[in-house]
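Asker: Predicted model follows, preceded by the sequence.
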Amino acid sequence: MQTDIPTTGYVRQAQLVGSIVPVSPSTLWRWVNAGKFPKPIKLSERVTAWRAEDVRAWIEAQGKQEAA
């Protein structure tokens, strides 16, 4: 699953929902607003993306929580 995420750079919402993060877009934004998922970066007026490093770190943290 994590192989779909670049090592560096940015990941758009369409790349995240469904495959990398198995939730709907509305759930993703609810998590962002609640502080459960990293905040995105505004690349331009109409383009929002997440840093790939932040998404990878979030996925790793989720795995550690499940193992505990």
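Answerer: On my side now, so go ahead.
Asker: Show me where the protein has its helices.
Answerer: 13-16, 25-34, 52-67 (DSSP state H).
Asker: Which among those helices is found nearest to residue 5?
Answerer: helix 52-67 (5.3 Å; C-beta to C-beta). The C-beta positions use only the backbone N, C-alpha and C, and glycine is treated the same way.
Asker: for the closest one, packing partners?
Answerer: Packing partners of helix 52-67 (3 or more C-beta pairs under 8 Å, 6 or more residues apart in numbering; DSSP states H and E): strand 10-12.
Asker: Parallel or antiparallel, list what pairs with the strand it packs on.
Answerer: strand 48-51 (antiparallel) (DSSP bridges).
Asker: How about residues contacting the strand it pairs with?
Answerer: Identification of contacts with strand 48-51 by C-beta atoms under 8 Å, 6 or more residues apart in numbering yields 9-13, 16, 38, 40-43.
Asker: how far away is residue 58 from residue 19?
Answerer: Note on residue 58: its distance to residue 19, by C-beta to C-beta, to the nearest Å, is 15 Å.
Asker: go on, residue 57?
Answerer: In terms of C-beta to C-beta, residue 57 sits 18 Å off from residue 19.
Asker: Nearest residue to the middle of the protein?
Answerer: Nearest to the geometric centre of the chain sits residue 55, at 4.3 Å (C-alpha atoms, centre = their mean).
Asker: List the buried residues for the helix or strand of the chain with the lowest mean pLDDT?
Answerer: When the helices and strands of the chain are scored by mean pLDDT, DSSP states H and E, helix 52-67 comes last with a mean of 88. Using 16 or more other C-beta atoms under 10 Å as the test for burial, helix 52-67 gives 52-56, 58.
Asker: So what's the residue count around the residue lying closest to residue 42 once chain neighbours are set aside?
Answerer: The shortest distance from residue 42 to any non-neighbouring residue, by C-beta to C-beta, 6 or more residues apart in numbering, is to residue 48 (5.6 Å). Residue 48 has 14 neighbouring residues, counting by other C-beta atoms under 10 Å.
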